[in-house]
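In: The following comprises the amino acid sequence and a computationally predicted model.
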Amino acid sequence: MKLFLLALALLAATSVPAFSKPCDDEVKKVETALSSAQISSDERDQIKDMAKQAAQLCAAGNDQESIDISAEAKAMLNID
């Protein structure tokens, strides 16, 4: 029985990334690009705030709003 529960827990832990939402991926793209972007501190702060808002919206289930904010941030960073 313990082995079954362990296998079930392992399966659940490895399948979580498969359920990643598109808005999560967009937020990660912004955060990754932001780490190496050559921009002013004001722009950096603004994009950080946008990424935070997008992540919160995504977590709340507002996927399209999150994607829209991420797209705006990506445009500011000149990424796809």
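Out: Received, thanks.
In: Which residues are in contact with the residue nearest to residue 72 when sequence neighbours are not counted?
Out: Closest residue in space to residue 72, ignoring its immediate chain neighbours: residue 50 at 6.5 Å, by Cβ to Cβ, 6 or more residues apart in numbering. All C-beta spots, glycine's among them, are computed from the backbone N, C-alpha and C. The neighbours of residue 50, taking Cβ atoms under 8 Å, 6 or more residues apart in numbering as the test, are 30, 69, 70, 72, 73, 76.
In: So for the biggest helix by length in the chain, what gets flagged as buried?
Out: With secondary structure taken from DSSP state H, the chain has its longest helix at helix 41-59. By 16 or more other Cβ atoms under 10 Å, the buried positions in helix 41-59 come out as 47, 50, 51, 53, 54, 55, 57, 58.
In: Can you tell me which of the residues you listed is nearest residue 37?
Out: Nearest to residue 37 out of the buried residues of helix 41-59 is residue 47 (Cβ to Cβ; 7.8 Å).
In: The closest one touches residue 76, doesn't it?
Out: Yes. In this structure, residue 47 is within contact of residue 76 by Cβ atoms under 8 Å, at 5.8 Å.
In: any residues in contact with both of these two?
Out: residue 39.
In: State the next helix or strand along the chain beyond the longest helix of the chain.
Out: helix 63-77 (DSSP states H and E).
In: Tell me if I'm right that residue 77 and residue 30 touch.
Out: Yes. Counting by Cβ under 8 Å, residue 77 does reach residue 30; the two are 6.9 Å apart.
In: least trustworthy helix or strand in the chain by mean pLDDT?
Out: helix 2-15 (a mean of 56; mean pLDDT, DSSP states H and E).
In: Run through the residues that contact residue 80.
Out: residue 74.
In: ok, back up a step: show me just the buried residues among the contacts of residue 50.
Out: Here, 16+ other Cβ under 10 Å leaves 30, 69, 70, 73, 76 buried among the contacts of residue 50.
In: so the second one makes contact with residue 55?
Out: No. Taking Cβ under 8 Å as the contact criterion, residue 69 and residue 55 are not neighbours in contact, 9.5 Å apart.
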